[in-house]
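J.: this one's structure only:
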DNA sequence: AGGGGAACCCGTACGC
DNA sequence: TGCGTACGGGTTCCCC
């Protein structure tokens, strides 16, 4: 489930491998994954272009083409960008889930693999992407993401703080895994109204978000089920998960050990927390 | 504007 | 063993 750290991992690895590569052709096996362009418009807009660089915004992989147009990949749950050729072996079991392929120079290919095919690939002009990105919230790993910025994003909402953290218009890149992990580390109950947090809690939550996501980026993200980096790497942050996927196991706070609770009262999503440590 | 719900998709788990 | 069904999960869009 690529959230900010997994998407950042994808973008970094891809940038290292395909910045400067020329797209020789495009194969669209599943037109349904495309957004903002049909298969013909996508192929004609991308074929012949050079990939200038690859970067991340929110949970989006941005393949920036020379000329300014951008291929925007939103992997959702089971999407991945997998390289093949020039010494990179493609995992053959994934072949049947390839939905779109960019043929690159040097005999290489960049495949969009998506098992459930709920992820999307869009072709946007520079202006269209600027408009789209402007609606997204601030980047939590940016140097100017302070406790005061977080407080501003949470202000005025009676919604559960966890739901607001995951709202991409409020804050970019946070999904279910890192919302659960950061709230536990900050000792804030996920069900609390967003506007009810104190200044001390804003500081703790800001620090926890930055700490957990930066640590995960350093470890190549979290592989829970289907996440793979572009050359098949799995994310090692999975070993640092303290609440996500651990309902019923003891809370890791020293001296606590209370079984972690799970409910779906926040936006119908699996929420795991310690009813003793998180207030 | 804010909030609620449906649609998108298919592997996996589970019941019979 | 095989078939049918429920489920999950982020984002978008539609409606109230």
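T.: Structure's in. What do you need? None of the values given here were measured: they were computed from a predicted structure. Numbers count the residues shown, from 1 in each chain, chains lettered A, B, ... in the order given.

J.: apart from its chain neighbours, what residue comes closest to the residue in the stretch 151-279 of chain A that DNA strand C sits nearest to?
T.: Using Cβ to the nearest atom of the strand, the closest approach of the stretch 151-279 of chain A to DNA strand C is made by residue A:176 at 3.5 Å. All C-beta spots, glycine's among them, are computed from the backbone N, C-alpha and C. Spatial nearest neighbour of residue A:176, chain neighbours left out: residue A:269 (5.6 Å); criterion: Cβ to Cβ, 6 or more residues apart in numbering.

J.: tell me the pLDDT of the residue of the stretch 151-279 of chain A closest to DNA strand C.
T.: Looking at residue A:176, its pLDDT is 90.

J.: check the gap between it and residue A:162 for me.
T.: From residue A:176 over to residue A:162 the distance is 9 Å, taken as Cβ to Cβ, to the nearest Å.

J.: what's residue A:213 sitting at in phi/psi?
T.: Residue A:213 has phi and psi values of phi -80, psi -40 when expressed as degrees, to the nearest 10.

J.: for residue A:83, same thing?
T.: phi -90, psi 150.

J.: for the residue of the stretch 151-279 of chain A closest to DNA strand C, give me its contacts.
T.: A:1, A:3, A:166, A:244, A:269-270 (Cβ atoms under 8 Å, 6 or more residues apart in numbering).

J.: quick one: whichever strand or helix holds residue A:180 to chain centroid distance?
T.: Assigned by DSSP states H and E, residue A:180 belongs to helix A:176-186. Centre-to-centre, helix A:176-186 and its host chain are 15 Å apart (Cα atoms, centre = their mean, to the nearest Å).

J.: helices along the stretch 151-279 of chain A, start to end?
T.: Listed in chain order, the helices of the stretch 151-279 of chain A (DSSP state H, counting those that start in this stretch) span A:161-165, A:176-186, A:199-218.

J.: spell out which parts of chain A neighbour DNA strand C.
T.: Contacts of chain A with DNA strand C, taken as Cβ under 7 Å from any atom of the strand, map to A:1, A:58-59, A:74, A:76-77, A:116, A:118, A:166, A:168, A:175-176, A:264, A:269-270.

J.: now, of those, which are buried?
T.: A:1, A:58-59, A:74, A:76-77, A:166, A:175-176, A:269 (16 or more other Cβ atoms under 10 Å).

J.: considering only these, which also neighbour DNA strand B?
T.: Applying Cβ under 7 Å from any atom of the strand to these, none is adjacent to DNA strand B.

J.: inside strands: which ones of those residues?
T.: Counted as lying in strands by DSSP state E, out of these, are residue A:74.

J.: quick check: residue A:240 touching residue A:216?
T.: Yes - with contacts counted by Cβ atoms under 8 Å, residue A:240 reaches residue A:216, the gap being 7.5 Å.

J.: between the two, which one's more packed in?
T.: residue A:216 (26 against 12; other Cβ atoms under 10 Å).

J.: DNA strand B versus the more buried one, what's the distance?
T.: 24 Å (Cβ to the nearest atom of the strand, to the nearest Å).

J.: how close does that residue get to residue A:144?
T.: 21 Å.

J.: and for residue A:228?
T.: From residue A:228 to residue A:144 the distance is 32 Å (Cβ to Cβ).

J.: the two: who's more crowded?
T.: residue A:228 (22 against 8).

J.: you'd agree that one is up against residue A:234?
T.: Yes - using Cβ under 8 Å as the test, residue A:228 is close enough to residue A:234 to be in contact (6.6 Å).

J.: now do the helix or strand bottoming out on mean pLDDT in chain A: distance to the chain's middle.
T.: Every helix and strand of chain A was ranked by mean pLDDT, DSSP states H and E. The lowest is strand A:261-263, at a mean of 85. The chain centre lies 24 Å from the centre of strand A:261-263; the measure is Cα atoms, centre = their mean.

J.: helices or strands up against it?
T.: strand A:271-273 (3 or more Cβ pairs under 8 Å, 6 or more residues apart in numbering; DSSP states H and E).

J.: helices or strands up against the strand or helix carrying residue A:113?
T.: Assigned by DSSP H and E, residue A:113 belongs to strand A:109-114. Using 3+ Cβ pairs under 8 Å, 6+ apart as the contact criterion, the elements in contact with strand A:109-114 are strand A:79-84, strand A:98-104.
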